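A.B. asks: sequence and predicted model, in that order:
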Amino acid sequence: MRIFEALAELESQGKGAVLCTVIQSSGSTPRHEGSKMIVYPDGKILGTVGGGELESRVIKEALEVYQQGKPKLLGYSMVNPKEGDPGVCGGTVKIYVEPILPKPVLLVIGGGHVGKAVAHLGKFLGFRVAISDDRPEFCNPEAIPDGDEFYPVPMKELPEVMDISPHTYIVLTTRGSVIDVPGLPALLDTPAAYIGIIGSKRRWLTTRKALVESGIPEDKIARIHSPVGLELNAETPEEIAVSILAEIIMLRNGGTGERMRM
């Protein structure tokens, strides 16, 4: 597969990787300007920027870039390995390492009125939308047309059937603590970027108490945002969806939630 075909496949599948491109070379180097290599999150590669120790170092840097989500310019002299150079070709090379991050995933657990509104707004905002509900009639394309993926399974089974990554934002719009308590421990063991639970302060206190009594550590419970969303005095499912997604966008972009005029 060619590099650009592989990049297109990543886009269509909602996956990520790192693109490494030789942007400058002088003297004798293994590869020249324009040479490209894709580094996948598992360390596998497609293409090459030179092989050997040079490529090994670039792969290591690329995996760190993927985790940080920021590009990096690498420069190497290939003259004296005793001084740390990755080769003896005699030239120099610069490689631009660029993360190709997957589209963020909005996992909505609970296919009721609010869940449907959250899915609709999430789709509009550019998220890949995954829907889960243990009731199959609430978890299908007919019930929620804005869903891209559907998982009609108990919450605790979700990490087994879908990839929950640092690019996944989870919103629980379930029927109550009786659903949340047995399902949350599995979600708290994932690297999800965000876990929010809809409901009143009383519902959250009930859920939190049950999690503590079941032995869930405080540091894991602290990951949960509940009651979810920003304070908008929202009432309708659509208004509640705006409140929830506003908080997610705020946290994702490092915002404060303050009024702009302030």
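C.D. replies: Thanks, I have the structure now.
A.B. asks: I'd like the average pLDDT over stretch 246-261.
C.D. replies: Mean pLDDT, computed over stretch 246-261, is 92.
A.B. asks: tell me how far the nearest residue to Phe127 once chain neighbours are set aside lies from Leu10.
C.D. replies: Nearest residue to Phe127 in three dimensions, chain neighbours excluded: Leu106, at 3.9 Å (C-beta to C-beta, 6 or more residues apart in numbering). Where you see a C-beta, it was placed from the backbone N, CA and C, and this is true even at glycine. According to C-beta to C-beta, to the nearest Å, Leu106 stands 19 Å off from Leu10.
A.B. asks: would Cys20 count as being in a helix?
C.D. replies: No. The assignment for Cys20 is strand, going by DSSP: H, G, I helix; E, B strand; the rest coil, so no helix is present there.
A.B. asks: ok, it to Leu46 distance?
C.D. replies: Counting by C-beta to C-beta, the gap from Cys20 to Leu46 is 10 Å.
A.B. asks: do the same with Lys103
C.D. replies: Applying C-beta to C-beta, the value for Lys103 to Leu46 is 20 Å.
A.B. asks: what's the answer for Arg2, then?
C.D. replies: Arg2 sits 9 Å away from Leu46, going by C-beta to C-beta.
A.B. asks: neighbour count: those two, which is higher?
C.D. replies: Set Arg2 next to Leu46 and count neighbours by other C-beta atoms under 10 Å: Leu46 wins out with 16 against 10.
A.B. asks: quickly find the element holding that one.
C.D. replies: Assigned by DSSP states H and E, Leu46 falls within strand 45-47.
A.B. asks: what mean pLDDT does that strand have?
C.D. replies: 95.
A.B. asks: go on, stretch 55-63?
C.D. replies: Mean per-residue pLDDT for stretch 55-63: 93.
A.B. asks: in it, what's buried?
C.D. replies: Across stretch 55-63, burial judged by 16 or more other C-beta atoms under 10 Å covers 55, 58-59, 61-63.
A.B. asks: please apply the same query to stretch 135-146.
C.D. replies: Using 16+ other C-beta under 10 Å as the test for burial, stretch 135-146 gives 138-139, 143-144, 146.
A.B. asks: same question for stretch 234-242.
C.D. replies: 234, 237, 240-242.
A.B. asks: how about the helices in the stretch 51-200 of the chain?
C.D. replies: Remark: helices of the stretch 51-200 of the chain, listed N- to C-terminal, are 52-68, 113-124, 158-161, 177-188; assignment by DSSP state H, counting those that start in this stretch.
A.B. asks: turn those helices into CSV, including distance to Ser214.
C.D. replies: As requested, these are exported to CSV (distance: least, C-beta to C-beta, whole Å):
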stretch, distance to Ser214
helix 52-68, 31
helix 113-124, 25
helix 158-161, 17
helix 177-188, 7
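A.B. asks: quick one: the strands in this protein?
C.D. replies: 17-26, 36-39, 45-47, 72-77, 92-100, 105-109, 128-132, 149-151, 168-172, 194-197, 224-225 (DSSP state E).
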